[in-house]
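Participant: sequence below, structure please.
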Amino acid sequence: MSTIRVGIVGLGENTRTRHVPGLLACDDVEIAAVVNRRPESTAAAAKQFDIPRTFERWEDLVADPDLDAIVIGTWPYLHCPITVAALDAGKHVLTEARMAMNADEAYRMLAASRRHPDLVAQIVPSPIAFLVDPTVKRMVAEGYLGDLREVAVIGAFDELADADAPYHWRQSKQFSGLNALFMGIVHEALIRWVPDPVTVMAQTQIFTHERIDPDTGKKEQVGTPDSVQILTQLPGGARGIYHISNAIRFGPPLQIHLYGSEGTIKYLSAPDQHLVAGRKGDGDLQRVDIPEKDQYAWRVEEEFVDAIRGRGTIEFTDFETGVRYMEFTEAVARSAESGHAVAMPLGGSH
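Facilitator: Numbers count the residues shown, from 1 in each chain. As a prediction, this is how the structure comes out:
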């Protein structure tokens with residue numbers, strides 16, 4: 001096709017700042033239509049980005065035969081129905097993360113993509129550790145760690161430490177689903193480097209059960225955890241531990257540790273994204289020099305367009321990978337609710 005005509009469902013903040021500029025930076029891409037939750041928001045987005053067509057219902061935009069691709073920027077509760085409808089209407093799909101509300105919806109999305117193997121189906125990836133990702137993959141593949149023994153995922157912040165902090169849609173099971181805090185996006189980064197766990201044991205806690213919605217002024221029930229701790233077992237006997245929280249003060253910044261029989265690699269997000277590593281016999285961990293050519297940068301929209309034109313495939317993130325992190329998210333929720341370990345994979349339709 002000479003020009004790729006894109007329709008956007010949910011042109012919110014992330015779509016404004018990342019996806020629209022990224023798409024328009026590609027040759028022969030037109031943002032041809034938009035629909036938001038409210039008519040006034042739709043009109044404002046169309047005016048801001050000079051989008052020629054607007055719709056009142058996402059179903060009508062998705063069915064428009066003049067569109068080639070759909071970008072989904074809504075909250076997760078609409079990702080599955082819009083994706084399935086768009087693929088069945090012959091449209092390529094780029095959907096915002098999280099992939100879906102739960103694993104069952106993720107299976108349905110994957111099944112729809114397999115019904116239409118000629119169409120591109122991509123999830124906006126976790127940007128965590130993008131900068132260092134090729135280097136970690138290379139070090140692991142070259143045996144830097146030796147045998148993998150332990151994994152640690154750590155990150156604790158204070159956005160929800162105050163009981164009077166406002167309610168956010170991500171705290172709604174109705175709109176956000178099972179994903180807790182930033183657990184999904186950090187696990188997505190981790191499984192680029194190590195295998196999926198085979199068992200998951202989790203506990204979660206909501207410390208403040210009601211918060212004020214700043215849009216309505218009303219109290220809303222909090223439906224997702226303020227704090228998550230997870231133990232995992234990986235193939236071969238390696239163990240994993242996660243400490244993820246938005247409810248404590250002076251907690252550790254986000255980091256991922258890989259510990260092996262011969263060496264250690266740590267991804268640290270602060271004060272800047274970097275790696276430290278060391279092997280048996282070294283005196284201490286040392287910062288890893290990453291040449292500019294090995295630093296991965298954001299090119300999600302370019303990757304989507306290139307895949308549509310047959311010039312590449314989706315690396316970050318395809319639906320198969322999305323199902324993997326959605327299964328983990330669901331396993332954590334099931335384990336926290338039951339108090340028992342959950343085996344993976346879950347055995348769903350994938």
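Participant: which elements pack onto the host helix or strand of residue 21?
Facilitator: Residue 21 belongs to helix 20-24 when assigned by DSSP states H and E. Applying 3 or more Cβ pairs under 8 Å, 6 or more residues apart in numbering; DSSP states H and E, we find helix 20-24 packed against strand 29-35, helix 300-308. Where C-beta positions appear, they are placed from N, C-alpha and C, glycine not excepted.
Participant: kindly reformat these as JSON lines containing mean pLDDT.
Facilitator: Formatted as JSON lines, the helices and strands packed on helix 20-24 follow (pLDDT from 0 to 100):
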{"stretch": "strand 29-35", "mean pLDDT": "97"}
{"stretch": "helix 300-308", "mean pLDDT": "96"}
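Participant: residue 67: which of the ones you listed is closest?
Facilitator: Each of the helices and strands packed on helix 20-24 was scored for nearness to residue 67 using Cβ to Cβ, and the closest is strand 29-35 (6.2 Å).
Participant: the inter-axis angle of that closest one versus helix 300-308?
Facilitator: For strand 29-35 against helix 300-308, the angle by axes from the mean of the first three to the mean of the last three Cα atoms, to 10 degrees is 110 degrees.
Participant: and strand 29-35, which residues are buried?
Facilitator: Neighbour counts over strand 29-35 (16 or more other Cβ atoms under 10 Å) mark 29, 31, 32, 33, 34, 35 as buried.
Participant: with stretch 127-143 instead?
Facilitator: For stretch 127-143, by 16+ other Cβ under 10 Å, it's 127, 128, 129, 130, 131, 132, 133, 135, 136, 139, 140.
Participant: ok, residues contacting it?
Facilitator: Stretch 127-143 has contacts (Cβ atoms under 8 Å, 6 or more residues apart in numbering) with 145, 185-186, 188-189, 192-194, 254, 256, 258, 262, 265, 267, 269, 273-275, 277, 288, 290, 294-298.
Participant: got the helices and strands packed on helix 20-24 as CSV, with distance to residue 91 columns?
Facilitator: CSV is the format used below for these (distance: least, Cβ to Cβ, whole Å):
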stretch, distance to residue 91
strand 29-35, 11
helix 300-308, 10
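Participant: closest one to residue 57 among those?
Facilitator: strand 29-35 (6.9 Å).
Participant: ok, and what's touching the closest one?
Facilitator: Contacts for strand 29-35 (Cβ under 8 Å, 6+ apart): 3-11, 20, 23-24, 42, 45-46, 49, 51-58, 60-61, 64, 66-67, 305.
Participant: run me through the strand neighbours of that strand, direction for each.
Facilitator: Strand 29-35 pairs in its sheet with strand 4-9 (parallel), strand 53-54 (parallel), by DSSP bridges.
Participant: give me whichever of those strands is most buried.
Facilitator: strand 4-9 (a mean of 26; mean count of other Cβ atoms under 10 Å).
Participant: what about the helices in the protein?
Facilitator: Remark: helices assigned in the chain by DSSP state H are 13-14, 20-24, 39-49, 58-63, 79-88, 103-115, 133-141, 173-176, 183-190, 300-308, 319-338.
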